[in-house]
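>>> Here is my input; please provide its structure:
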Amino acid sequence: MKLIDFKEHKIHYKLRKFFSKPECKAADPKTLKIIFNITYRCNLECIGCCVNARFSPRLGVITKDELTFKEIVLLLQKIKSYGMKKGLNPYIAFTGGEPFLRPDFLDILQYSSSLFGADYVTFETNGTLLSDNHLDIINSCVNNFGVSIDGDEEYHNYWRNPLNRSPVKNPYLAVLDSIIRICEHPEMRKKLVITFTPTKYNLSIIPQEVIKLAAIGVKRFSIHRNMPVGRMYYHRELGPDEKEYLKLVSTLIDIENELNIDIRLHHSLEHMYRYYMLGEIYAGSPTPCSIKRSSIGIDVKGYVYFCPWLVSLPFKKGTTKSLLDHGVELEELLNEINIVSFADCKKKCMLIEKDHSEFLGNNRSMARALTEHCFGLKEERILG
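Numbering: from 1, shown residues only. All right, here's what the predicted structure looks like:
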């Protein structure tokens, strides 16, 4: 396997130092990371939404296509039982849609914290619905939480509210207000992680926003991947290529050093950079694939997916049974999707030479390689 040779380039030394930072709990080999989509409704309409969330800004309801609080408790209990049996620590990441559209989301966080411990609970939000009443509860229940920003005010609002239908008329100012209030809360500020998803159009904006938010008091940032699932499938050409990602990372490393902040790549993207740029294996994994690290997805009906990215069309492939079904346990579903052994996945996926250049985080990387090329799944038309 031919690795990208950066040994004679100064970026090699920057990357090596950048990747030498301690890992987060989610990257621990004894951690079972679960991305739990508890709603597919959202009060915004992001152009590149990876779950093709349905625009539904109505607050205070749980729709018939979502799990009830009681059903979510049952699923979490089954996850806990599996973790105890296998000696794993479940790390639950709640996402959507927008989780705060659910009236019981804080109850879900509190129960999860009591079951797994606050160090093993997190969530992602667009930040437009956070109120002061939420902050103390959130602080007591989570290890960290992500608030997503796409760029400056013009770009963020264009990307998040392209049809101008959202009741949040200026999503950028709404999330900025939330961030300011969070940063006034000393403990909350430590747990806040601002997340960016690069496209070809915001690459130059992201560093500027990092500097601006750091001045407000934000200390932690995460650069996510641009994946061709959900609505982003129709905008695959917007994904940065490896050289564009590399330039962005190099710039952010300089900013991190200058401002004394913590900038991370999403741990699965960091996998690939370490492997292909530096030739190093990440935390004992024989491949740069984060799925080998036991990261799974659960959708709004309790179906389990061997890859969190596959909860959405066009590569939707879950278990035949729901974890909610009577008598069904998580181990049975993990065996069904072959999460235990990825030797076959490694042979079929990671050794496809023509895909190697795309594993540097661009928009065609993981989802296509893990579906069309590896498991013979056919693309399905995205509805709605």
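
>>> Only C-alpha atoms from now on, for both contacts and neighbour counts.
Noted.

>>> residues contacting the nearest residue to residue 71 once chain neighbours are set aside?
On the basis of CA to CA, 6 or more residues apart in numbering, the spatially nearest residue to residue 71 that is not a chain neighbour turns out to be residue 324, at 7.0 Å. By CA atoms under 8 Å, 6 or more residues apart in numbering, the residues touching residue 324 are 71, 74, 75, 301, 302.

>>> just residue 189 next, same as before
Residue 189 makes contact with 182, 183, 217, 218, 219 under the criterion CA under 8 Å, 6+ apart.

>>> How about residue 147?
If a contact means CA under 8 Å, 6+ apart, then residue 147 has 124, 125, 126, 127, 192, 193, 194, 195 as its contacts.

>>> what would these look like in CSV with secondary structure?
Output for the contacts of residue 147, formatted as CSV (DSSP: H, G, I helix; E, B strand; the rest coil):
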residue, secondary structure
124, strand
125, strand
126, coil
127, coil
192, strand
193, strand
194, strand
195, strand
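
>>> What does the residue nearest to residue 71 show for phi and psi?
Phi and psi for residue 324, reported as degrees, to the nearest 10, are phi -80, psi -20.

>>> and if you look at residue 33?
Main-chain torsions, residue 33, degrees, to the nearest 10: phi -80, psi 130.

>>> correct me, but it touches residue 88?
No. Applying CA atoms under 8 Å, one finds residue 33 not in contact with residue 88, separated by 9.7 Å.

>>> Neighbour count for those two, which is higher?
Each of residue 33 and residue 88 has its neighbours counted (other CA atoms under 10 Å); residue 33 has more, 26 against 17.

>>> On the pLDDT front, check that one for me.
The predicted structure scores residue 33 at 88 on the pLDDT scale.

>>> re the thing from before, any of the contacts of residue 147 buried? List them.
Of the members of the contacts of residue 147, the ones counted as buried by neighbours, 16 or more other CA atoms under 10 Å, are 124, 125, 126, 127, 192, 193, 194, 195.

>>> export these to JSON lines and tack on distance to residue 255 and pLDDT?
Below are those laid out as JSON lines (distance: CA to CA, whole Å; pLDDT from 0 to 100):
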{"residue": "124", "distance to residue 255": "24", "pLDDT": "97"}
{"residue": "125", "distance to residue 255": "25", "pLDDT": "98"}
{"residue": "126", "distance to residue 255": "24", "pLDDT": "98"}
{"residue": "127", "distance to residue 255": "24", "pLDDT": "97"}
{"residue": "192", "distance to residue 255": "18", "pLDDT": "98"}
{"residue": "193", "distance to residue 255": "16", "pLDDT": "97"}
{"residue": "194", "distance to residue 255": "15", "pLDDT": "98"}
{"residue": "195", "distance to residue 255": "16", "pLDDT": "96"}
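
>>> Which of those residues sits closest to residue 319?
The nearest member of the buried ones among the contacts of residue 147 to residue 319, counting by CA to CA, is residue 124 at 24.2 Å.

>>> What is the most widely separated pair among the contacts of residue 324?
Top of the distance list for those (CA to CA): 74 and 301, 12.3 Å.

>>> More neighbours: which of these two?
Set residue 74 next to residue 301 and count neighbours by other CA under 10 Å: residue 301 wins out with 20 against 14.

>>> Please, which helix or strand holds the more buried one?
When elements are assigned from DSSP states H and E, residue 301 belongs to no helix and no strand.

>>> Quick check: the gap between it and residue 44.
Residue 301 sits 22 Å away from residue 44 when distances are taken as CA to CA, to the nearest Å.

>>> do residue 32 as well
Residue 32 is 30 Å from residue 44, by CA to CA.

>>> who's more crowded, the two?
Neighbour count, other CA under 10 Å: between residue 32 and residue 44, residue 44 has more, with 29 against 24.

>>> In contact with the closest residue to residue 137 other than its chain neighbours, which residues?
Closest residue to residue 137 apart from its sequence neighbours, by CA to CA, 6+ apart: residue 106 at 7.2 Å. Residues counted as contacts of residue 106 (CA under 8 Å, 6+ apart) are 134, 137, 138.

>>> List the contacts of the last one.
By CA under 8 Å, 6+ apart, the residues touching residue 138 are 106, 109.

>>> per-residue confidence for it?
According to the model's per-residue confidence, residue 138 sits at a pLDDT of 97.

>>> what do you get for the one 10 residues further on?
Predicted confidence (pLDDT) for residue 148: 97.

>>> Quick check: it touching residue 128?
No. The pair residue 148 and residue 128 fails to qualify as a contact (CA under 8 Å) at a distance of 10.0 Å.

>>> Residues in a beta bridge with the residue lying closest to residue 149 once chain neighbours are set aside, which ones?
With sequence-adjacent residues excluded and distances taken as CA to CA, 6+ apart, residue 149 is closest to residue 196, at 5.6 Å. Beta-bridge pairing of residue 196, defined through DSSP bridges, involves residue 223.
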